[in-house]
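# based on what follows, work out the 3D shape:
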Amino acid sequence: MKTFEDRLKNVKLIAFDLDNTLYDETMYFNHSFKIITQYLENEFNIDPKKSGKSLWKILRKNGKHYHRLFDDLLIEYKVEPKNLQNLLYLFKSVNKKLFLFPNVRNLLRELEKRYQLSMITSGMHEVQKNKIKLLNIQNFFDPVIYSSLLKKDKPDQIPFRELMKLTKINAEDIVYVGDNPFDDFIAPNNLGILTIRVYNSDFKNIKIKEQNDAKIKLENIIDMKKIFL
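All right, here's what the predicted structure looks like:
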């Protein structure tokens with residue numbers, strides 16, 4: 001069995017999560033909520049400040065992966081459910097630039113000189129693809145696994161098995177970097193992929209079973225330089 005040091009020396013592929021690992025997803029919600037609240041004002045004369053507060057309240061209560069965000073909003077303001085598709089379209093159509101966490105672009109530039117970089121990201125395929133475009137990072141990652149297009153999403157093993165299948169790289173030569181201890185590390189740990197958890201304040205008070213958490217924990221993603229560069 002390889003030692004920890006041997007595994008680090010033999011890493012061939014580093015795969016990343018997207019949201020709140022490489023950038024702050026709050027930016028995307030900010031941009032999309034402004035578009036959506038403007039639409040609700042124009043179409044239904046709903047105060048954008050009130051609907052904006054409602055969106056953030058629902059999001060904070062249920063988390064960023066809550067799938068009924070806009071359903072709940074329509075119910076609250078007594079807007080017919082048929083308008084849900086319009087809100088989803090607007091959510092997918094953000095076109096304002098997004099920004100990576102500080103120094104992440106330089107980190108990716110240095111890492112890609114030594115390793116193959118890939119991504120496994122959850123969420124609606126169209127939204128995630130748009131985020132990657134707005135961040136201007138599409139050229140760093142090959143392949144990008146949109147797990148919503150697969151039979152099962154994270155935390156299932158399927159997205160990680162798809163990564164190994166497409167890259168033809170064994171689990172012991174792969175590193176996966178994420179932030180969410182509920183979704184990101186259970187499957188790769190079980191498959192033998194080395195896992196890194198980047199600090200996210202959303203999970204600072206959450207207790208996670210050791211076997212479900214990442215093997216390496218970093219306060220800042222830039223600390224990867226100390227390990228891989």
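# okay, CA-based contacts and neighbour counts for the rest of this
Noted.
# what about the helices in this protein?
With helices called from DSSP state H, the chain shows them at 4-9, 26-44, 48-62, 69-76, 84-92, 104-111, 125-135, 158-167, 186-191, 224-228.
# mean pLDDT and distance to residue 173 added to those, as a markdown table?
Formatted as a markdown table, these follow (pLDDT from 0 to 100; distance: least, C-alpha to C-alpha, whole Å):
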| stretch | mean pLDDT | distance to residue 173 |
| --- | --- | --- |
| helix 4-9 | 78 | 7 |
| helix 26-44 | 97 | 32 |
| helix 48-62 | 96 | 36 |
| helix 69-76 | 97 | 38 |
| helix 84-92 | 96 | 35 |
| helix 104-111 | 98 | 15 |
| helix 125-135 | 97 | 25 |
| helix 158-167 | 98 | 10 |
| helix 186-191 | 96 | 11 |
| helix 224-228 | 95 | 13 |
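# which of those sits closest to residue 203?
When those are compared by C-alpha to C-alpha, helix 48-62 sits nearest residue 203, at 13.0 Å.
# could I get the helices of the chain in JSON lines, plus columns for mean neighbour count and distance to residue 217?
Formatted as JSON lines, these follow (neighbours: other C-alpha atoms under 10 Å; distance: least, C-alpha to C-alpha, whole Å):
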{"stretch": "helix 4-9", "mean neighbour count": "12", "distance to residue 217": "15"}
{"stretch": "helix 26-44", "mean neighbour count": "17", "distance to residue 217": "22"}
{"stretch": "helix 48-62", "mean neighbour count": "15", "distance to residue 217": "25"}
{"stretch": "helix 69-76", "mean neighbour count": "16", "distance to residue 217": "31"}
{"stretch": "helix 84-92", "mean neighbour count": "16", "distance to residue 217": "32"}
{"stretch": "helix 104-111", "mean neighbour count": "15", "distance to residue 217": "17"}
{"stretch": "helix 125-135", "mean neighbour count": "17", "distance to residue 217": "25"}
{"stretch": "helix 158-167", "mean neighbour count": "17", "distance to residue 217": "20"}
{"stretch": "helix 186-191", "mean neighbour count": "19", "distance to residue 217": "14"}
{"stretch": "helix 224-228", "mean neighbour count": "12", "distance to residue 217": "10"}
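# please consider this matter closed, and thank you.
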